[in-house]
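J.: Below is the structure, and that's it, no one-letter string:
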């Protein structure tokens, strides 16, 4: 296996284990990525969703929130839009998006982990959501047509990719002209080297693979995005931050 495929498989295995753990509603966790490994529930997970939103989804979807933000709160979703959630996990952001875009809109969730897809589909059924679809695939090769999506969201997943340039290029491809990104992710301060990031946490723990602030700006601009912004929201590790990333396709 290549180094990239090793990373991808490691991430898949860890999230599969998280999904199986979270299938049991009695699991009490709220931490990013691997519930049993991390105790930082104040910076990752369901605590980042306000009470009103938490009440809109099944409990299992809330428990399965393993991200570093709340992308549906910043994506400014509108009725009738088509939304894509990259790395949709247990489905909380897809279900919230489906409510925002209404019956004339649609929300896709893309995930590479069968166990997470099973959990998400069960959550969608419990929520009675009919304008959603969960599809299997990798975010580096999004299995959707060109110019088919109005808004892309993602919650602490881009940092897990072993090929972030491919992810960002794919996001640009599937967005319609004028389409936009509203992403939550972990972002490193510019002075941190790759070794510095690795010292602060693992790849599957959402830390080691994070782009720096400038790397995010440069990669998005290189793909053709405009109106790019990266705004820190809270620190998740020393000199590393949960952040809101926005951009627009011309």
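T.: Nice, thanks for sending it over. What you are looking at is a predicted structure, and each value in this text was computed from that prediction instead of being measured.

J.: Please make it C-alpha for all contacts and neighbour counts, starting now.
T.: Noted.

J.: Point out where this protein drops to low pLDDT.
T.: 1-5, 7-8, 10-67 (pLDDT under 70).

J.: Helices of that one, start to end?
T.: 3-22, 51-54, 59-63, 92-101, 114-127, 164-174, 194-200, 213-223 (DSSP state H).

J.: For the last one, what is the distance to the chain centroid?
T.: Counting by CA atoms, centre = their mean, to the nearest Å, helix 213-223 is centred 18 Å from the centre of its parent chain.

J.: now stretch 214-224
T.: Using CA atoms, centre = their mean, the offset of stretch 214-224 from its chain centre is 18 Å.

J.: Give me the buried positions along that stretch.
T.: Buried residues in stretch 214-224, defined by neighbour count with 16 or more other CA atoms under 10 Å: 216, 217, 219, 220, 221, 223, 224.

J.: So what sits opposite residue 83 in the bridge?
T.: residue 107, residue 151 (DSSP bridges).

J.: what about it, distance to residue 197?
T.: Computed as CA to CA, to the nearest Å, the residue 83 to residue 197 distance reads 31 Å.

J.: Of these two, give the one with the bigger neighbour count.
T.: Neighbour tally, residue 83 and residue 197, criterion other CA atoms under 10 Å: the higher count belongs to residue 83, 30 against 24.

J.: does that one really touch residue 152, like I thought?
T.: Yes: between residue 83 and residue 152 there is a contact under CA atoms under 8 Å: 5.8 Å.

J.: List the buried residues for stretch 225-234?
T.: In stretch 225-234, counting by 16+ other CA under 10 Å, buried: 225, 226, 228, 229, 230, 232, 233.

J.: Could you pull up the residues touching the residue nearest to the fifth one when sequence neighbours are not counted?
T.: So that's residue 230. Distances taken as CA to CA, 6 or more residues apart in numbering place residue 245 nearest to residue 230, at 4.6 Å, with adjacent residues excluded. Taking CA atoms under 8 Å, 6 or more residues apart in numbering, we find residue 245 in contact with 181, 182, 183, 184, 185, 228, 229, 230, 231.

J.: number of nearby residues for the second one?
T.: Yep, that's residue 182 we're talking about. Residues near residue 182, counting by other CA under 10 Å: 24.

J.: quick one: it from residue 135, how far?
T.: 20 Å.

J.: again, but for the first one
T.: With the distance defined as CA to CA, residue 181 ends up 19 Å from residue 135.

J.: same deal with the fifth one?
T.: Look at residue 185 and residue 135: by CA to CA, they are 21 Å apart.

J.: Give me the more crowded residue out of the two.
T.: Neighbours of residue 185 and residue 135, each counted by other CA under 10 Å, are more numerous for residue 185; the result is 30 against 19.

J.: what's the nearest residue to that one if we skip its chain neighbours?
T.: residue 156 (4.2 Å).

J.: Isn't residue 200 up against residue 209?
T.: No: with contact defined as CA under 8 Å, residue 200 does not reach residue 209; the gap is 10.6 Å.

J.: which residues sit in contact with the closest residue to residue 121 other than its chain neighbours?
T.: Distance criterion CA to CA, 6+ apart; nearest residue to residue 121, sequence neighbours excluded, is residue 134 at 6.8 Å. Contacts for residue 134 (CA under 8 Å, 6+ apart) come out as 108, 109, 110, 111, 117, 120, 121.

J.: Just the buried residues out of those residues, in ChimeraX syntax.
T.: In ChimeraX, a selection of the buried entries from the contacts of residue 134 looks like this (16+ other CA under 10 Å):
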select :108,109,110,111,117,120,121
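
J.: number of nearby residues for residue 6?
T.: 12.

J.: start the count at 869, not 1, going forward
T.: Got it, the first residue is 869 from now on, which makes the last one we talked about residue 874.

J.: Next one: it from residue 1030, what distance?
T.: With CA to CA as the criterion, residue 874 and residue 1030 are 9 Å apart.

J.: Over to residue 960?
T.: Counting by CA to CA - residue 960 and residue 1030 are separated by 24 Å.
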